[in-house]
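>>> Show me the folded form of this:
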Amino acid sequence: MTGKSRKGARPGQPDDGKPVLLSGGNPQIPKGDGDEPVQAYIAAMPGWKSEAGQKLDRLITRTVPHIHKAVRWNSPFYGVEGHGWIVSYHCFTKYIKITFFSGTSLSPPPPVTSKDPNTRYFHIHEGDQPDSEQLAKWIKQASEIPGWIT
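Numbers count the residues shown, from 1 in each chain. Got it, this is the predicted structure:
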């Protein structure tokens, strides 16, 4: 559900206090570090995407226990100290796009190419049962190589 912010309301918060959903249903969550803004993003993901976001968050955290979490550009980011951001995801109308910032260095590389020569994507659509073992392998590999430094 989208809504306009009333004067004096926090940015990204409509009159009902729920996050605004941007184009494609992506939650507008204020920039922030730590688990709290990431959980706010996941809770605001529409429909089936929220459960998929919970599963992704658990898989990433279980695979890389020392992961750093943040919300940047209305997307959850996960990084490793000294390596930069390794993975992120973003809601689109019909799928969730998982971004591996150093995806071309992963073996095998995630299937979807990017304009960025280093980045690869993996998409999750409603009803998909993604291969958690393969996702964990990509996440683990990504945690051991340089990621994206902002």
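
>>> So the nearest residue to Gly53 once chain neighbours are set aside: helix, strand or coil?
Distances taken as CB to CB, 6 or more residues apart in numbering put Ile42 closest to Gly53, at 4.0 Å, once the chain neighbours are dropped. C-beta: built from backbone N, CA, C; applies to glycine. Under DSSP: H, G, I helix; E, B strand; the rest coil, Ile42 falls in the helix class.

>>> Ile42 against Asp57, yeah?
Yes: counting by CB atoms under 8 Å, Ile42 does reach Asp57; the two are 6.0 Å apart.

>>> Mutual contacts of the two, please.
By CB atoms under 8 Å, 6 or more residues apart in numbering, Ile42 and Asp57 have these common neighbours: Pro76.

>>> what's the burial count for the residue nearest to Gly53?
Residues near Ile42, counting by other CB atoms under 10 Å, number 21.

>>> show me what contacts it?
50, 53-54, 57, 76.

>>> Quick one: classify the most centrally placed residue in the chain as helix, strand or coil.
By CA atoms, centre = their mean, the chain has its centre lying nearest to Tyr89, at 2.4 Å. Here Tyr89 is recorded as strand under three-state DSSP.
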